[in-house]
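Asks: starting from these lines, generate the structure:
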Amino acid sequence: MNAFDNPMIKKRRPVFAILLSMLLPGLGHLYAGNAVKALALVALELGVVILLGATGLLATFNGIVALFVFFFLFYLYATVSAARLAYRNRDYTLKPFNRWYGYLGFFIGVNIVVNVLFSYRASLLGYEMYRIPAHSMAPTLDINDFITVDTTYAQPKVGEVIVFRNPANRSVPFVKRIAALGNDTISIEHGTVFRNGRDEMALYVPDDKRSRPFSLTMNAFTVPENTVFVLGDWRDNSQDSRVWGPVPTSDIIGKVTYIWLSPDSSRIGWEVK
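Replies: Numbering: from 1, shown residues only. Next comes the predicted model:
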């Protein structure tokens, strides 16, 4: 009886290893007979993503570019390595995991972990993504801009653009610019925002964005402690703290860092300031 008569000995085909690796890195190695390396590749991929998230890099445009470069090189290595392993294992004795349900279980298990990470990306990976549905932050942000938000953000500063839970409907995230912090006094005179009696240049907007009466004048207001006062960059077209009051700092989701996708290709990768 030779190897070809033994149903437990099956040739591993490099092309299958490549295709499976392209579907999911590690799956090709499982097919080719190395379950330990398959798991190690999955651990490496997830570990790099978690590390980038923990360091805040996933909330930056350069961090996302670095992640895509890593994925390209990682997939390239996984496919080549799996193909070489399959080529070496011409007469391969099947293991318990070399069954359709073994491959399916591996695929489903890894995807469950990935989906959990993605679903809880704000807390686990330090970033969140949103699409802009309105003009209230134009020209800084416009309709159908896709933004990335740094959810590790902990120290609000005047002039920064943030995403927060809308006090009028906490299930809806809003994006505005911080105009004043707790214990600050804010007012608007002739369209100019004053904070603690001083013209706040970080909140300047063009005249055509602040021509309506409620954008030109606002009586002095002292912001309560542990809250922030927010304004839209298009004052005439924004519901903000002038309408529903200050936002509790506990309702801040994070700071907007950049535009990662936009109908206007020239805006892609813009740092939001």
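Asks: can you give me the strands in the stretch 51-200 of the chain?
Replies: 92-93, 127-131, 146-150, 161-166, 169-181, 185-189, 192-195, 198-199 (DSSP state E, counting those that start in this stretch).
Asks: orientation of the longest one relative to strand 161-166 in degrees?
Replies: In terms of direction (axes from the mean of the first three to the mean of the last three CA atoms, to 10 degrees), strand 169-181 departs from strand 161-166 by 140 degrees.
Asks: which strands and helices sit next to strand 169-181?
Replies: Judged by 3 or more CB pairs under 8 Å, 6 or more residues apart in numbering; DSSP states H and E, strand 169-181 is in contact with strand 161-166, strand 192-195, strand 227-231. C-beta: built from backbone N, CA, C; applies to glycine.
Asks: I'd assumed residue 253 was in contact with residue 165.
Replies: Yes - using CB atoms under 8 Å, residue 165 is in contact with residue 253, at 6.9 Å.
Asks: about what we covered before: quick one: closest of the strands of the stretch 51-200 of the chain to residue 225.
Replies: Using CB to CB as the measure, strand 169-181 is the one of the strands of the stretch 51-200 of the chain that comes nearest residue 225, at 9.2 Å.
Asks: ok, and what's touching that closest one?
Replies: Contacts with strand 169-181, where a contact means CB atoms under 8 Å, 6 or more residues apart in numbering, come from 130, 132, 136-137, 140-141, 147, 156-166, 186, 193, 195, 200, 203, 223, 228-233, 238, 240-241, 251, 253, 256.
Asks: partners of it, with directions?
Replies: strand 161-166 (antiparallel), strand 227-231 (antiparallel) (DSSP bridges).
Asks: what's around residue 213, how many residues?
Replies: Neighbour count for residue 213, taken as other CB atoms under 10 Å: 7.
Asks: distance of it from residue 54?
Replies: Residue 213 sits 48 Å away from residue 54, taking CB to CB, to the nearest Å as the criterion.
Asks: can you check residue 248 too?
Replies: 26 Å.
Asks: got it, and residue 25?
Replies: Taking CB to CB, one finds residue 25 at 21 Å from residue 54.
Asks: who has more neighbours, the two?
Replies: residue 25 (24 against 13).
Asks: so who does that one touch?
Replies: Residue 25 neighbours (CB under 8 Å, 6+ apart): 41, 42, 45, 74, 75, 78.
Asks: mind running it again at 10 Å?
Replies: 38, 41-42, 44-45, 71, 74-79, 81-82, 110 (CB atoms under 10 Å, 6 or more residues apart in numbering).
Asks: likewise residue 187?
Replies: Counting by CB under 10 Å, 6+ apart, residue 187 touches 180, 193, 194, 195, 196, 197, 217, 218, 219, 220, 221.
Asks: check residue 61 too.
Replies: Neighbouring residues of residue 61 by CB under 10 Å, 6+ apart: 148, 257, 258, 259, 260, 268, 269, 270, 271.
Asks: about what we covered before: residue 18 is nearest to which of the strands paired with strand 169-181?
Replies: strand 161-166 (41.5 Å).
Asks: by how many degrees do the closest one and strand 146-150 diverge?
Replies: Interaxial angle, strand 161-166 versus strand 146-150 (the same axes, to 10 degrees): 90 degrees.
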